[in-house]
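# no FASTA, just this:
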C-alpha cells in the first residue's frame with residue numbers, strides 16, 4: 001500500500017510504520033471491537049493525516065487485499081460439499097475487516113454458498129481469546145460443530161476447549177516451511193522477492209493436503225511448473241532486460257527463435273499492460289544454429305568453422321549430417337553416405353567434405369545468406385543503432401555465427417546465463433548475463449537454471465518446428481513437422497507463465 005501511495009498518488013507518508021502503530025493503539029482502545037474504520041480514525045487523529053488521505057489509504061488497503069487474496073480451491077469445494085449435505089456453514093475470522101468488507105471479498109472470489117459470517121470485530125470477541133467460541137457455542141447449544149482452521153491455538157486448542165470438534169489444515173506458508181524447498185524462504189530478502197515468493201507459494205500450496213504423503217511437492221499440472229517455477233524467473237529477467245536496455249541505449253530487441261518465443265510474447269504483454277511505449281521495440285527474430293552457421297560460410301575456412309562447432313551426433317549417418325549441417329545432399333554414389341559418424345574419423349570426415357562438397361556448400365550458403373540478410377534489412381535497423389539480441393542459455397556458438405552473418409558491432413547479446421564452453425568460442429560483441437557467466441551444469445550444480453537448462457529450453461520453445469532458412473520469396477522454411485510432437489504440455493506451461 002505504501003508503494004502504491006507513492007507511485008500512484010505521490011504520497012510519501014511512511015504509511016507502513018503509521019498503519020502498524022495505529023492498529024496497536026486501536027486494539028488497546030477498542031479491544032476485539034477494533035475494526036478497519038477505527039484504525040484509520042486513529043491514523044488521522046494521531047499522525048496528522050487528513051481525513052481525505054486516511055480514506056484514500058483505507059480504500060487502497062481494501063483494494064490491495066482484494067487484488068492479492070487467493071481462494072484455496074479444495075477448501076471452497078469442501079464447503080460446497082458440506083452445503084450439499086444440508087449442513088449449516090458459517091465462516092469465522094479474527095479480523096479487523098467487518099462483515100460488509102469480508103462479504104465483498106468472498107463474493108469477488110465467487111464464494112457465496114455460506115449461511116453466515118462471525119467476525120471478531122463485529123461480535124467483540126476473538127477466537128484467540130476464546131470469547132468468539134463462547135459466543136458461537138451459545139448460539140448453537142444443541143448442535144455438533146466442526147471447526148476447520150489453520151492456527152494451532154486459536155482454531156484448534158481454543159475451539160476444542162468449548163466442546164467444538166476441530167480439523168486443522170496447514171496455511172500455505174507453514175507448508176512451504178516443511179516442504180523440500182523450504183530453504184527458498186530464507187533467500188527472499190527484499191520486498192519484491194517476497195511478493196514473487198508469495199504468488200509462488202499461493203499456487204504450489206493452494207491445496208493444504210499437497211504434502212500429505214511426502215514433503216516433496218507433487219506437481220500434476222504443467223500450469224504449475226510455468227506459474228511457480230518459471231514465471232518469477234522470466235519476470236525478473238524481463239525487468240533486468242528493460243533496465244539494461246535503458247542503461248546501454250538499446251533501441252531494438254531481437255528475441256531469437258525458438259528459445260525466446262515466450263519471452264517476446266511476455267515482453268509485448270508488459271509494454272501493453274504498463275503503457276511504457278518508450279521501451280525498445282521487441283522483434284521475434286527467426287533463427288537457429290543451422291540457419292546462421294550455413295549462412296556464415298563464404299569459403300573453405302567457413303566450412304571448417306561450421307564443422308568445428310557442429311553437434312557431432314554419432315548415431316546419425318553421414319548423409320543426415322551433411323544435410324543437417326551444411327544444407328546439401330550427399331551424392332548418390334558417395335561411399336560414406338550410410339556410414340554412422342561413429343565409424344568415421346572426425347578430421348578425415350572434415351577433409352572429405354571439403355574435397356567433395358566445398359563448391360556446393362559455398363554456393364548454397366551464398367543463396368541462404370542473401371535471403372537471410374534481406375530479412376534482417378526489413379527490420380529497420382539503422383547503421384549505428386544499438387540493438388540487443390536475446391537468447392536463453394548460450395554456449396556462444398549462435399552468437400559467433402550471428403556476428404559473422406550480420407556484422408553489426410553495435411549488437412549486445414543478452415542471456416539468462418552462459419555456459420563454461422562460451423570461452424572456447426570466438427565472440428566479439430558485448431555480452432550480458434542476468435544469472436551468471438560461464439557456468440557448468442556439473443561444477444555449478446547449485447544453480448538450478450543451468451543444471452536444468454535443457455528442460456527449460458524445451459518449455460521456452462515455440463509451436464513451430466526449427467527454422468531452417470528463408471526461401472528466395474522471403475518465406476520462412478521450417479523442418480518437417482513431427483506428427484508425433486505434442487505441444488499441449490508446453491502450451492499449458494506457457495499459460496502458467498503468462499498468468500504469473
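Done, it's in. This is a predicted model, so every value here is computed, not measured.
# contacting residues for residue 202?
Counting by Cβ atoms under 8 Å, 6 or more residues apart in numbering, residue 202 touches 70, 172. Yep, even glycine has a C-beta here, placed from its N, CA and C like the rest.
# Return the distance of it relative to residue 71.
Look at residue 202 and residue 71: by Cβ to Cβ, to the nearest Å, they are 10 Å apart.
# do residue 454 as well
Residue 454 is 36 Å from residue 71, by Cβ to Cβ.
# Of the two, which one has the most company?
A direct count of neighbours by other Cβ atoms under 10 Å for residue 454 and residue 71 places residue 71 higher, at 15 against 10.
# Check whether that one sits in a helix, strand or coil.
Under DSSP: H, G, I helix; E, B strand; the rest coil, residue 71 falls in the coil class.
# which parts of stretch 59-76 are buried?
60-62, 65, 72, 75 (16 or more other Cβ atoms under 10 Å).
# could you redo these as TSV and give each row distance to residue 294, secondary structure and pLDDT?
Listed next are the buried residues of stretch 59-76 as TSV, based on distance: Cβ to Cβ, whole Å; DSSP: H, G, I helix; E, B strand; the rest coil; pLDDT from 0 to 100:
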residue	distance to residue 294	secondary structure	pLDDT
60	57	helix	96
61	60	helix	97
62	60	helix	97
65	57	helix	95
72	54	coil	95
75	57	helix	96
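# What are the boundaries of the strands in the stretch 251-400 of the chain?
Using DSSP state E, counting those that start in this stretch, the strands of the stretch 251-400 of the chain run over 252-256, 281-285, 387-394.
# mind showing which ranges of this protein have poor pLDDT?
Scanning the chain for pLDDT under 70 picks out 312-314, 481-483.
# quick one: the helices in the stretch 251-400 of the chain?
Taking DSSP state H, counting those that start in this stretch as the criterion, the stretch 251-400 of the chain carries its helices at 261-274, 289-295, 300-309, 318-326, 346-377, 397-406.
# Could you identify the helix or strand that succeeds whichever strand or helix holds residue 195?
If you go by DSSP states H and E, residue 195 is part of helix 191-204. Per DSSP H and E, the first helix or strand lying C-terminal to helix 191-204 is helix 222-224.
# What separation is there between residue 199 and residue 294?
Counting by Cβ to Cβ - residue 199 and residue 294 are separated by 43 Å.
# When those two are compared, which one has more neighbours?
residue 294 (26 against 19).
# Distance of that one relative to residue 457?
Noted for residue 294: a distance of 22 Å to residue 457, by Cβ to Cβ.
# Kindly report the same for residue 38.
For residue 38, the distance to residue 457 - Cβ to Cβ - is 55 Å.
# Between these two, point out the one with more neighbours.
residue 38 (19 against 13).
# check which helix or strand covers that one.
Going by DSSP H and E, residue 38 is part of helix 36-46.
# Check which residues of that helix are buried.
Neighbour-count burial for helix 36-46, counted by 16+ other Cβ under 10 Å, picks out 36-44.
# what does stretch 102-115 give?
Buried-residue list, stretch 102-115, by 16+ other Cβ under 10 Å: 102-103, 106, 111, 114.
# Touching that stretch from outside, list them.
Taking Cβ under 8 Å, 6+ apart as the rule, stretch 102-115 contacts 65-66, 69, 71, 76, 79-80, 83, 88-91, 93, 95, 97, 117, 119.
# same thing with stretch 32-52?
Stretch 32-52 has contacts (Cβ under 8 Å, 6+ apart) with 13, 18-19, 21-23, 25-27, 29-30, 53-55, 57-58, 61-62, 94, 96-98, 101, 120-126, 129, 131-132.
# Just give the nearest non-adjacent residue to residue 168, would you?
Spatial nearest neighbour of residue 168, excluding adjacent residues (Cβ to Cβ, 6 or more residues apart in numbering): residue 156 at 5.4 Å.
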